[in-house]
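Trainee: missing the sequence, but the structure's below:
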Ligand SMILES: [Zn+2]
């Protein structure tokens, strides 16, 4: 393994997806603990919270989120929302997510995606929880949504790939923009410029494991243990020391959690 740095945050990863790819998660969790990492294990569907809560009980430095992503727009909406609400009444989460809009994969219909998203924003507001947004080619819808919605807590736009305008509005609403492996890809010059220009107290970093591995491990299955590659690249883009970035992202993460 490459030189690991302590106190890194991975604001977004999917352990169950890693397991489905045949990855062993126990050694990864043990290494995260050893290097005082923290982060959020992100839910993918309405019914997985109980299982994930049990799996992560020995690892209290990892938070959980639960939500129904836009992929849920293909199935029965009310049924899934009922299951999610039931799970949330029994288990603690740090956030509702990932939830959002995806015009790339076009799951279900635009209306169903919007409905699922709105219902879960309401739920998050009722519970006093922040949201974690998934946005794939839906900048205009999110710009409109941010303009007409109030949020109980400051949420996260995960794996930010949106426009400058959306970034500005999101930050006005107190949101954090979390950047993943694509920040390290040569082709993403405008994303890198945006990242370098954002107010640093609104930045988070993530792997989105097992997807989107950063340079120089692109093509391999991603794990939170690759987080240091993203930090190194991000510090260089910002022209600050790695130590400064580590402290800042940790402070941002704790401000997000409010705990
Ligand atoms: Zn994700």
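Mentor: Alright, I've got the coordinates. Given the structure is predicted, the values throughout are model-derived calculations rather than measurements.

Trainee: C-alpha only now, for contacts and for neighbours.
Mentor: Fine.

Trainee: quick one, phi/psi of residue 68?
Mentor: Torsion angles at residue 68 (phi, psi; degrees, to the nearest 10) stand at phi -110, psi 110.

Trainee: That one and residue 48 touch, don't they?
Mentor: No: judged on C-alpha atoms under 8 Å, residue 68 makes no contact with residue 48 at a distance of 10.2 Å.

Trainee: Which one's more surrounded, the two?
Mentor: Each of residue 68 and residue 48 has its neighbours counted (other C-alpha atoms under 10 Å); residue 68 has more, 25 against 16.

Trainee: give the contact list for the nearest residue to that one once chain neighbours are set aside.
Mentor: With sequence-adjacent residues excluded and distances taken as C-alpha to C-alpha, 6 or more residues apart in numbering, residue 68 is closest to residue 45, at 4.8 Å. If a contact means C-alpha atoms under 8 Å, 6 or more residues apart in numbering, then residue 45 has 66, 67, 68, 69, 72 as its contacts.

Trainee: Out of the residues you listed, which two sit at the greatest distance?
Mentor: Spanning the widest gap among those are 66 and 72, at 12.9 Å by C-alpha to C-alpha.

Trainee: Have a look at the two and say which one is more surrounded.
Mentor: Set residue 66 next to residue 72 and count neighbours by other C-alpha under 10 Å: residue 66 wins out with 30 against 21.

Trainee: Buried residues in whatever helix or strand residue 89 lives in, which are they?
Mentor: Element membership for residue 89 (DSSP states H and E) is helix 77-90. Neighbour-count burial for helix 77-90 flags 77, 80, 81, 84, 85, 87, 88 (criterion: 16 or more other C-alpha atoms under 10 Å).

Trainee: In TSV: those residues, plus distance to residue 244.
Mentor: Output for those, formatted as TSV (distance: C-alpha to C-alpha, whole Å):
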residue	distance to residue 244
77	44
80	42
81	41
84	38
85	39
87	38
88	36
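
Trainee: With pLDDT as extra columns, can I get those in a markdown table?
Mentor: What follows is the buried residues of helix 77-90, written out as a markdown table (pLDDT from 0 to 100):
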| residue | pLDDT |
| --- | --- |
| 77 | 97 |
| 80 | 98 |
| 81 | 98 |
| 84 | 98 |
| 85 | 98 |
| 87 | 97 |
| 88 | 97 |
